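>>> the following comprises the amino acid sequence and a computationally predicted model.
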Amino acid sequence: HRPADRLRQPSQPAVVAHRGASVQAPENTLAAFRRAIVLGASAVEIDVQRTRDGALVVLHDATLTRTTDAETRLPGRGPWRVADLTYDEVATLDAGSWHDRAYAGERAPLLREVLDLLHATGTGLLLEVKSPSSAPGIEADLHAELRSAPGYLADALWEQRLVVQSFDHDSMRRLKERAPDVPVGLLGSPPRRRLPELATWADQVNPRHRSVRASFVDAVHDAGLACQVWTVDRATDMLRAAALGVDGVITNRPDVLRGLLRVP
Ligand code: G3P
Ligand code: CA
């Protein structure tokens, strides 16, 4: 490349580790987030839910059966819904062995523990609120939690290291009304005609990568919104996503994406 070509190159998308480095380590655990940081991810994507006693915990599924030993540890307590258990009960469960016995003893972390890790390491956070309609008021709980971690929110906002997203756009609107300075992302592919209105209050539109064409990314950008795509694990799809000019690529393989983008 000549220097002028380099200057014209668009900036590379952020490398966002989906549920952490979730190929190498059990998803949504501190081990997966630490691994993502070691691999050079610029941010981690996490899923947040609320337990019966109001703790904000990092878990993807509505039930604990796939990613913990709940069925054997809490027999007769099925269907092992996150919302039916206290955090102390969730914390007794092994959230690592299902992935690999080397991770025995990993547990589903509290959001607070993840904030502390990311703050200490200067890592970005793409926080998905999972099924907020079944946890009324979770937006207020989340805002309180973000504010209660010492120094986290001010630093994360200043350094543009935090986005909260959800498939539930009404929930993101409620969060925005409560916390106007927190960037919010809308998961999915809203109709293009709606983008200008959405841009009056939202900050990102984050679609599934396979459904996205360059003209849609351009329309999102033209409306003044950022665009991050998920979940991109094949090298050819990573290169396609980067060529579309998206702002972030969410992947289970942050090491592969980083290598392809040649991030220094
Ligand atoms: O970041 C978006 C993506 O995580 C949404 O899908 O099911 O992996 O939470 P899911
Ligand atoms: Ca997610």
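Looks like it arrived, so ask away. Numbering: from 1, shown residues only. Ligands and ions are numbered 1, 2, ... in the order given.

>>> isn't residue 49 up against residue 62?
Yes - counting by C-beta atoms under 8 Å, residue 49 does reach residue 62; the two are 7.5 Å apart. Every residue, glycine included, has its C-beta placed from N, CA and C.

>>> any common contacting residues for those two?
Common neighbours of residue 49 and residue 62, counting by C-beta atoms under 8 Å, 6 or more residues apart in numbering, are 82-83, 130-131.

>>> hang on, the earlier thing: more crowded one of residue 49 and residue 62?
residue 49 (26 against 16; other C-beta atoms under 10 Å).

>>> list phi and psi for residue 229.
Per-residue torsions, residue 229: phi -110, psi 150 (degrees, to the nearest 10).

>>> ignore what I typed, I meant residue 57.
According to degrees, to the nearest 10, residue 57 has phi -120, psi 150.

>>> just residue 58 next, same as before
Main-chain dihedrals, residue 58, degrees, to the nearest 10: phi -100, psi 100.

>>> pLDDT score for it?
For residue 58, the pLDDT comes out at 99.

>>> residues contacting it?
Going by C-beta under 8 Å, 6+ apart, residue 58 touches 28-29, 46-48, 108-111, 114.

>>> now, which of these lie close to ligand 2?
Among those, proximity to ligand 2 is found for residue 47 (C-beta under 5 Å from the ion).

>>> mind putting the contacts of residue 58 into CSV with pLDDT and distance to residue 161?
Below are those laid out as CSV (pLDDT from 0 to 100; distance: C-beta to C-beta, whole Å):
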residue, pLDDT, distance to residue 161
28, 98, 19
29, 98, 20
46, 99, 13
47, 99, 18
48, 99, 16
108, 98, 23
109, 98, 18
110, 98, 19
111, 98, 15
114, 98, 13
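
>>> tell me which of the contacts of residue 58 is nearest to ligand 1?
Distance ranking of the contacts of residue 58 against ligand 1, using C-beta to the nearest ligand atom, places residue 47 first at 5.4 Å.

>>> helix or strand for the closest one, which one?
Here residue 47 sits within strand 43-50, counting by DSSP states H and E.

>>> for that strand, name the packing helices and strands.
The contact analysis (3 or more C-beta pairs under 8 Å, 6 or more residues apart in numbering; DSSP states H and E) places strand 43-50 against strand 14-18, helix 30-38, strand 56-58, helix 111-121, strand 124-129, helix 138-148.

>>> residue contacts, the residue in the stretch 51-200 of the chain that ligand 2 sits nearest to?
Scanning the stretch 51-200 of the chain for the residue nearest ligand 2 gives residue 128, at 4.0 Å (criterion: C-beta to the ion). Counting by C-beta under 8 Å, 6+ apart, residue 128 makes contact with 45-48, 164-166, 187.

>>> any idea how far the residue lying closest to residue 195 once chain neighbours are set aside is from ligand 1?
Leaving aside its chain neighbours, residue 195 sits nearest to residue 223 (3.9 Å; criterion: C-beta to C-beta, 6 or more residues apart in numbering). Distance of residue 223 to ligand 1, computed by C-beta to the nearest ligand atom, to the nearest Å: 20 Å.
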